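Visitor: What follows is a predicted protein model with its sequence.
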Amino acid sequence: GAMAGEDEEEEDDDKDIIYNPLKLPMGWDGKPIPYWLYKLHGLNQEFKCEICGDFSYFGRRAFEKHFKEARHQHGMRCLGIPNNKVFAEITKIDDALKLWKTLQEKEQQQDFDNEEDEEFEDKDGNVYNKKTYMDLQRQGLL
């Protein structure tokens, strides 16, 4: 078959001049990473986080990792919200505040469970929940 010698020469020239029209991130070798790798890691996807002051994260991995990082933790602290797993994937300040409010309301209106929450005191002043108290009484230990 015919040799495409001209194409090979062009590729060799590319190695000297860093041609990076797509503004690809640089690899360990100081050259832009291959486009297929850029796409594979989803680095073409931009994720903005309002909690981080509208900072942009490129690629799913960087985005997921950022929730545990200082910038996001600081943003959550400023909002007065604990930065725990419940808030992972939440990037909008309004969404975070609404979820925090809902969680606090749920905590306050926890249903009173007689088995768990009703307290019984023995003659020595020890306090037990109903289930434990009844078990101890049945065993003749009270």
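Guide: Looks like it arrived, so ask away. As the structure is a computational prediction, the values presented were derived from the model and not from experiment.

Visitor: ok, which stretches of the protein are helices?
Guide: 5-14, 35-40, 60-66, 70-79, 93-108, 114-117, 130-138 (DSSP state H).

Visitor: Now tell me what touches the fourth one from outside.
Guide: By that I understand helix 70-79. With C-beta atoms under 8 Å, 6 or more residues apart in numbering as the test, helix 70-79 has contacts from 49, 51-53, 55, 66, 82-83, 87, 93, 96-97, 100. The way it works is simple: take the backbone N, C-alpha and C, and place the C-beta from them, glycine included.

Visitor: can you do 10 Å?
Guide: For helix 70-79, the external contacting residues (C-beta atoms under 10 Å, 6 or more residues apart in numbering) are 49-53, 55, 57, 65-67, 81-84, 87-88, 90-91, 93, 96-97, 100.

Visitor: Pull up the gap between the spatially most central residue of the chain and M134, please.
Guide: Closest to where the C-alpha atoms of the chain average out (C-alpha atoms, centre = their mean) is A88, at 3.6 Å. According to C-beta to C-beta, to the nearest Å, A88 and M134 sit 41 Å apart.

Visitor: What of G80?
Guide: If you go by C-beta to C-beta, the gap between G80 and M134 works out to 42 Å.

Visitor: So for these two, which residue has more residues nearby?
Guide: Using other C-beta atoms under 10 Å, the more surrounded residue of G80 and M134 is M134, with 14 against 8.

Visitor: okay but that one is in contact with L141, surely?
Guide: No - counting by C-beta atoms under 10 Å, L141 is not a contact partner of M134; they are 11.2 Å apart.

Visitor: So the residue nearest to the centre of the chain sits against I51, correct?
Guide: No - taking contacts as C-beta under 10 Å, A88 lies outside contact range of I51: 11.5 Å.

Visitor: overlap in contacts of those two?
Guide: F67, H72.
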